[in-house]
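[1] Mind looking at a prediction? Sequence and model below.
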Amino acid sequence: MQPNTFVIIPTYNEAENIQRLVTEVLELPVDVGVIVVDDNSPDGTGDQAEAMAQAYPGRVHVVHRPGKLGLGTAYTAGFELALGQPGAAWAMTMDADFSHLPSYIPAMIACGRDKHIVIGSRYVPGGGTANWPLRRRVLSWCSNTFARLALGLTAHDTTAGFRLYRRAVLEMVRPESIRSSGYSFLVEMLFRCERSGFQVEEVPIIFEDRREGQSKISWKEVVRAMLTVFRLIPCRLKRREPPRLLDSESA
């Protein structure tokens, strides 16, 4: 039986995590598959993912890319493969480093029955972060608040990479047309979704600092995200689409 939800996991040097993460996702009591998008990791992450695909045919897929091409394009490659699978109704994105715990996935999928987009959120009641220094917490909160207010977003966690999208959202918003890459892709994607009238819900999560390996976030990514917000501000002047009803065919 083909999964109806595919979890997209971009990777670069995640050999310490990828096998355990994929196994935990597949063991959840929900109908999910996994798509690993690996950017030619020199530590062998792609080979480990390929071995998982051989062990779980139809449930695990791997996209091998020639190098680091950006988080946004990794998501786009994953979305394209997910939407090409028979019966795929939802696509989810998450990090490979266990900062997004697989245990939250069932609750997000359950919430997705009544919404177009579900965000695993740090900034709603019950959400938060663990093992973060004060400076990082302040920077993250300020960045999210600025993006939310500047762009008129209803979602509180604007840079969250833990998201569930209905198929209809991806087909209309067309992620491949988004200019931003890196983590700024997440801000622009959310902005387009909300401006298109899609309904967003946030499920509280505790975002944990990565268990193994090195963080991929740099100050350059933070600056790019801020520049993306400034570029999108004039787009607020354009007419916002009215709220969309749920598509019964993908419910």
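    All right, it came through fine.
[2] Strands of the stretch 151-251 of the chain, residue ranges please.
    Counting by DSSP state E, counting those that start in this stretch, one finds strands in the stretch 151-251 of the chain at the ranges 163-166, 200-204, 206-208.
[3] ok now stretch 181-191, how far from the chain's centre?
    In this view, stretch 181-191 has its centroid 10 Å away from the chain centroid, taken as Cα atoms, centre = their mean, to the nearest Å.
[4] With just CA atoms, put that stretch into PDB.
    These are the backbone C-alpha positions of stretch 181-191, laid out as PDB (Å, rounded to 0.1, in the frame of the first residue of the first chain):
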ATOM      1  CA  SER A 181      16.800  29.700  -1.100                       C
ATOM      2  CA  GLY A 182      18.200  28.700   2.200                       C
ATOM      3  CA  TYR A 183      16.000  29.300   5.200                       C
ATOM      4  CA  SER A 184      14.500  32.400   3.600                       C
ATOM      5  CA  PHE A 185      12.600  30.000   1.400                       C
ATOM      6  CA  LEU A 186      10.500  29.100   4.400                       C
ATOM      7  CA  VAL A 187       9.400  32.800   4.900                       C
ATOM      8  CA  GLU A 188       8.500  33.300   1.300                       C
ATOM      9  CA  MET A 189       6.700  30.000   1.000                       C
ATOM     10  CA  LEU A 190       4.600  30.800   4.100                       C
ATOM     11  CA  PHE A 191       3.900  34.300   2.800                       C
END
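[5] Can you list the low-confidence ranges for the stretch 51-200 of the chain?
    Residue ranges of the stretch 51-200 of the chain with pLDDT under 70: none are present.
[6] one more time with 80, if that's ok
    Filtered on pLDDT under 80, the stretch 51-200 of the chain yields the residue ranges 182.
[7] hey, where'd the helices end up in it?
    71-83, 105-111, 134-151, 167-173, 184-195 (DSSP state H, counting those that start in this stretch).
[8] Now tabulate the ones you listed in a markdown table and tack on mean neighbour count.
    Heads up, the C-betas are built off the backbone N, CA and C, glycines and all. Rendered in a markdown table, the data for the helices of the stretch 51-200 of the chain read as follows (neighbours: other Cβ atoms under 10 Å):
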| stretch | mean neighbour count |
| --- | --- |
| helix 71-83 | 22 |
| helix 105-111 | 18 |
| helix 134-151 | 15 |
| helix 167-173 | 19 |
| helix 184-195 | 24 |
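[9] Perfect, I'm done here.
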